[in-house]
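# Output the structure for:
(chains A and B)
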Amino acid sequence: AQKITQTQPGMFVQEKEAVTLDCTYDTSDPSYGLFWYKQPSSGEMIFLIYQGSYDQQNATEGRYSLNFQKARKSANLVISASQLGDSAMYFCAMRERGYGGSQGNLIFGKGTKLSVKP
Amino acid sequence: NAGVMQNPRHLVRRRGQEARLRCSPMKGHSHVYWYRQLPEEGLKFMVYLQKENIIDESGMPKERFSAEFPKEGPSILRIQQVVRGDSAAYFCASSPGLAGGPVGETQYFGPGTRLLVL
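Got it, this is the predicted structure:
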């Protein structure tokens, strides 16, 4: 079973509008972290936002917010007031507490390609 | 304040040659991770290292691939006898390695090395 599922291969949004990128996850570990990264066409991976499994409030970072619904195991990224520069691939990732040596790795979804239309 | 550095940015090798990819973590970071990204895919974890120690190599292919993070100098991902299927983007990430566990530690990525095997 996939640990991170991003069901939207591609999304379009009009400039200045808000957009939600979906992410669901699967884990039995009570302690985990959820991350969103942006990958523009230039290829680098840019960290956007983090949500911990025990955090009571949804994370926000500027125009980015994370709609965390723990019971539904979803961690959707909301981008408000879209800009042309937001056009990129967006990846949802999870890090589990793990045991022994398996604590390090991020597990990534396949990504959503967001295109912002002028 | 330099971020994660990777070199070379692009590497072309012929089948059977060796590829060496270098990663210098962010200043103050002691944990390094290597990921591979195939075209149109998310990143896949390969190996997690601390200085002079491999912590988790569960994502590394059993043959031809090795990684090190020496006491001095950058982390090296080495691919021996490359094949066309090794063509991918290889990303290095680093994190500070704070006490209290790694779940919430953000990994900051380098720009990646694009390996092309002819």
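
# Kindly report the residues of chain B close to chain A.
Contact residues, chain B versus chain A (CB under 8 Å from any CB of the partner chain): B:31, B:33, B:35, B:41-45, B:48, B:55-56, B:58-59, B:89, B:91, B:93, B:101-112, B:114. Heads up, the C-betas are built off the backbone N, CA and C, glycines and all.

# Is it possible to mark the buried ones in those residues?
For those, a burial check counting by 16 or more other CB atoms under 10 Å in any protein chain shown picks out B:31, B:33, B:35, B:42-45, B:48, B:55-56, B:59, B:89, B:91, B:93, B:102-112, B:114.

# among these, which are in strands?
Using DSSP state E, the subset of those located in strands is B:31, B:33, B:35, B:43-45, B:48, B:55-56, B:89, B:91, B:93, B:108-109, B:114.

# Which members of those residues are the farthest-apart pair?
B:I55 and B:R114 (26.2 Å; CB to CB).

# Quick one: residues in contact with stretch A:3-10.
Residues outside stretch A:3-10 that contact it (CB atoms under 8 Å, 6 or more residues apart in numbering or on different chains): A:21-27, A:91-94, A:107-115, B:42.

# can you rerun that using 10 Å?
A:19-27, A:32, A:34, A:73-77, A:89-94, A:96, A:106-115, B:40, B:42 (CB atoms under 10 Å, 6 or more residues apart in numbering or on different chains).

# which parts of it are buried?
Neighbour-count burial for stretch A:3-10 [16+ other CB under 10 Å]: A:I4, A:T5, A:Q6.

# Return that stretch as PDB; C-alpha atoms alone will do.
Presented in PDB, the C-alpha positions along stretch A:3-10 are these (Å, rounded to 0.1, in the frame of the first residue of the first chain):
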ATOM      1  CA  LYS A   3       2.200   5.500   2.200                       C
ATOM      2  CA  ILE A   4       1.600   8.900   0.600                       C
ATOM      3  CA  THR A   5      -1.100   9.400  -2.100                       C
ATOM      4  CA  GLN A   6      -1.500  12.400  -4.200                       C
ATOM      5  CA  THR A   7      -4.500  11.800  -6.400                       C
ATOM      6  CA  GLN A   8      -4.200  14.900  -8.600                       C
ATOM      7  CA  PRO A   9      -1.500  14.500 -11.300                       C
ATOM      8  CA  GLY A  10      -2.200  18.000 -12.500                       C
END
